[in-house]
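>>> Structure for the following, please:
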Amino acid sequence: MPRIPYFDFSALMIVAVLLFAMFFRKMIHGRVNHTYLVLMVILLATTVCDAFSASGLSSVSGSGTKVGVRTVASFIYFALRIALGPIYVIFIGHLTGTWHKLRKYRSFMILFLVPYLICLVLLLINGFTPVLFYYTAEGEYARGSLIIIYYIIGIYYMLFSLLCLFWAKRYLSRDKFIALLMLFPLTITAMAVQYLHPRYLLEMFAYAIFCMLVSTIVIRPEENIDPVTGSRSHMSFRNDMQKFYRSSVPANLILVKIKNFDGLMSLLGNERTMKLEREVMDILNDTESPLRHSVFSPTYNLRNGLFVVLADGKHRDLFTETEAQRIFRKLQGTHHTSHLDLDLDVSVCTIRCPEDIGSFEELSTFANTFHQITSDDAVVVFSKIAPEKQFQMKNNIDEIITRGIMNKSFVMYYQPIFSVKEQRFASAEALIRLFDEKNGMVSPALFIPSAEKSGAIHQIGEFVVKDVCGFISRNNMEELGLVYVEINLSVVQCMRNSTVDRIEKCLWEKQVEPKYVNFEITETASEFVHETLRNNVLALHSYGLEFALDDYGTGYSNLQRMVDFPFKLIKLDKSFVDQWEDPRMRTVIQNTIRMLKDIGKEIVVEGVETAEEAAWFAEQRCDYIQGYYYAKPMPEADFLQFLMEHNKVG
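Down below sits the predicted model:
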């Protein structure tokens, strides 16, 4: 009975268009794209062989030559068809950054490779004895006695890849997970139909439909490509670096910052600024290194004059050193563009990850501030400046704090907090930042403890209250959709007798209603059950101010303390989020939330970074969610713009 290849022809058209789109959009670099391209090329070759072996068989009248050619095509089909399963597993591994770890396990590699080797052995045997397939004297395709083993191995790879997908689910967004999951109902249905009705060649068509879903939802060129320069976007940089950190694969970075970018943008305007960005990216991509073919080096435009070159490969150290010097020479000084000679003020810094910087959050912070503390006349190597810089900052922290107070270098950032019930950003946490003229951004983890020891925390605390009250008085909270703003109170401030009078005076001067302010006290700070602290908290609460217990779970969680203090909100520490996938920890979290809800507390979850985390804690009846998944802390102007866009306010 002749087979019908029309579904194969449709699959060929789909895969050919997808491949063309990948090359046209230059989505051909990186482990994920490479694996996806291999998957589609194998799919294309498999489909060609499948269609060729099926087409025109009804017209063959025992022609040995034609049957022999189709036999070869069938051999190639069977070898490539079963390879799609292992390639899909590798694709999931590279997409989630877990392949580097998985391949180290011997048991995993045995389960991964042995079934495919069995298929190859069966194909080899089929060359002598038709155990999988053969062609009759009339030229018709027929199945061998062991074809069922081939199908069983195909099902095995389906289940194997399904387990890998669910194991890596925590590293995928919901839409990407669902798109990858669609492979299984599509191909299983196609395999079942084709097994029962061999005439209809549906398997390759099902794979082609799946690849179309992956191209649209998972690869997402519009998300990963910067529209101005055609390089990789900030989102792509974040995803790629998180995978490097997750898999512990070493990589080097070249950070390039045009420090006078804002001034140039004011001079050039939008169109010519975009042209300048494209020219800078051309210089970054125009590598002269003889190592360029052995090092994977994508470029990223993080906007606002910040560019990154990533170096991944065996010779990345030498490549990074030579490329950083070349980029600095090409960019520093006079640059001719748009009939103008512009002086570019450039900083270049090289970093090894994860040796130099251990997390993406730290890397992101450093990338945005490194130009403030690095040299203007040479490439800076992070490993050479970091120990010295950190030592100097710690040794001179009191001087830095004093200089910050005198120069008014402290600024307030705001991190939006999402209300699960109202489905909008109903509050924000005010976070202080210090930008020192000599050291750039100084971490609060460094200057807050020192300020508490020296007593400077009182001046810093007063600045925070005044600045936040100024923000509230300048803006209509109802129009912004905000219920309140959270302010951190240190234990030293809480122990001061004059704290109540100073806060009440500030609210009165700024004409701020107490209901718009919510003070946070850390759980470790609240362990200092001192009479002055309790009296201050109760006095402020009677004035109309609300309180939250911050970092719940990091200290000694005393229920009596939560009853004694008028805490309206309990903020679960990020450690809860970090362990939510542990079944035992889930039970602890669920019981903790239930207990807090039973005693009438509202719950805020801190440190949420993924959609899966946000969805799970929302299901547990948490009231508010805070973290990088929704937004990072941002300056006042950016925060107001954020609210206008997300809370739909004018």
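>>> Tell me which residues are up against the host helix or strand of residue 402.
Per DSSP states H and E, residue 402 falls inside helix 397-406. Helix 397-406 is contacted by residues 393, 409-410, 434, 436-439, 442, 446-447, 450-451, 454, 456, 459-460, 463 when judged by C-beta atoms under 8 Å, 6 or more residues apart in numbering. All C-beta spots, glycine's among them, are computed from the backbone N, C-alpha and C.
>>> which stretches of the stretch 301-450 of the chain form strands?
For the stretch 301-450 of the chain, the strands defined by DSSP state E, counting those that start in this stretch cover 306-311, 333-337, 340-344, 346-353, 380-381, 410-419, 424-436, 440-442.
>>> still on that earlier bit, quick one, which of the contacts of helix 397-406 are buried?
Burial by neighbour count, judged by 16 or more other C-beta atoms under 10 Å, picks out 393, 409-410, 434, 436, 439, 442, 446-447, 451, 456, 460, 463 from the contacts of helix 397-406.
>>> from those residues, which is closest to residue 131?
Comparing those against residue 131 with C-beta to C-beta places residue 446 closest, at 70.0 Å.
>>> residue contacts, that closest one?
Counting by C-beta under 8 Å, 6+ apart, residue 446 makes contact with 393, 394, 397.
>>> Spit out the contact partners of residue 298.
29, 30, 231, 232, 240, 309, 310.
>>> So what would you say the end-to-end distance of stretch 217-224 is?
12 Å (C-alpha to C-alpha, to the nearest Å).
>>> what does the average pLDDT come to for that stretch?
Averaged over stretch 217-224, pLDDT sits at 75.
>>> Over to stretch 549-559?
Rounded mean pLDDT across stretch 549-559 is 68.
>>> Now residue 136: phi and psi?
When read as degrees, to the nearest 10, the backbone of residue 136 gives phi -70, psi 170.
>>> related to what we said a few turns ago, can you flag the weakest of the strands of the stretch 301-450 of the chain by average pLDDT?
Taking the mean pLDDT of the strands of the stretch 301-450 of the chain, strand 333-337 comes last: a mean of 77.
>>> which outside residues touch it?
Contacts for strand 333-337 (C-beta under 8 Å, 6+ apart): 272, 275, 276, 279, 341, 342, 343, 344.
>>> ok now stretch 589-604, how far from the chain's centre?
Distance, stretch centre to chain centre, for stretch 589-604: 29 Å (C-alpha atoms, centre = their mean, to the nearest Å).
>>> So for it, mean pLDDT?
91.
>>> So residue 310 is in contact with residue 251, correct?
Yes. Using C-beta atoms under 8 Å, residue 310 is in contact with residue 251, at 5.9 Å.
>>> From the contacts of helix 397-406, which land in helices?
Per DSSP state H, helices hold the following members of the contacts of helix 397-406: 393, 446, 447, 450, 451, 454, 459, 460, 463.
>>> Can you convert these into CSV and add a column each for pLDDT?
Shown next, in CSV, are those (pLDDT from 0 to 100):
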residue, pLDDT
393, 72
446, 82
447, 87
450, 84
451, 87
454, 84
459, 90
460, 91
463, 92
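>>> Which one of these is nearest to residue 477?
Of the ones in helices among the contacts of helix 397-406, the one sitting nearest to residue 477 (C-beta to C-beta) turns out to be residue 463, at 21.0 Å.
>>> picking that back up, between residue 310 and residue 251, which one's more packed in?
residue 310 (23 against 20; other C-beta atoms under 10 Å).
>>> which ones are touching that one?
So residue 310 contacts 240, 251, 252, 253, 254, 296, 297, 298, 299, 300 (C-beta under 8 Å, 6+ apart).
>>> Need the mean per-residue confidence for the helix holding residue 402.
88.
>>> Next: stretch 41-51.
pLDDT averaged over stretch 41-51 gives 88.
>>> Can you get me the centre-to-centre distance for it and its chain?
34 Å.
>>> swap in stretch 118-132?
Relative to where its chain is centred, stretch 118-132 has its mean C-alpha point 45 Å off (C-alpha atoms, centre = their mean).
>>> Just the C-alphas of it, formatted as PDB.
Provided in PDB are the C-alpha atoms of stretch 118-132 (Å, rounded to 0.1, in the frame of the first residue of the first chain):
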ATOM      1  CA  ILE A 118      20.600   0.000  20.400                       C
ATOM      2  CA  CYS A 119      18.800   1.700  17.500                       C
ATOM      3  CA  LEU A 120      22.000   2.000  15.500                       C
ATOM      4  CA  VAL A 121      22.800  -1.700  16.200                       C
ATOM      5  CA  LEU A 122      19.300  -2.600  14.900                       C
ATOM      6  CA  LEU A 123      19.900  -0.600  11.800                       C
ATOM      7  CA  LEU A 124      23.200  -2.300  11.300                       C
ATOM      8  CA  ILE A 125      21.500  -5.700  11.600                       C
ATOM      9  CA  ASN A 126      18.800  -4.500   9.200                       C
ATOM     10  CA  GLY A 127      21.500  -4.200   6.500                       C
ATOM     11  CA  PHE A 128      21.800  -8.000   6.600                       C
ATOM     12  CA  THR A 129      18.400  -9.100   7.900                       C
ATOM     13  CA  PRO A 130      15.300  -6.900   7.600                       C
ATOM     14  CA  VAL A 131      14.400  -6.600  11.300                       C
ATOM     15  CA  LEU A 132      13.100  -3.000  11.100                       C
END
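>>> which helix is the longest one in the chain?
Max-length helix for the chain by DSSP H is helix 64-96.
>>> next structured bit after that helix?
Next along from helix 64-96, by DSSP H and E: helix 99-102.
>>> If any of the contacts of strand 333-337 are buried, give me the ChimeraX selection for them.
A single ChimeraX command selects the buried members of the contacts of strand 333-337 (16+ other C-beta under 10 Å):
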select :272,276,279,342,344
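>>> In the contacts of strand 333-337, find the pair that's most separated.
Greatest spacing in the contacts of strand 333-337, by C-beta to C-beta: 275 and 343 (16.9 Å).
>>> Just send the strands of the stretch 301-450 of the chain back as TSV, with distance to residue 547 too.
Shown next, in TSV, are the strands of the stretch 301-450 of the chain (distance: least, C-beta to C-beta, whole Å):
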stretch	distance to residue 547
strand 306-311	39
strand 333-337	55
strand 340-344	50
strand 346-353	40
strand 380-381	45
strand 410-419	16
strand 424-436	14
strand 440-442	28
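>>> Much appreciated, bye for now.
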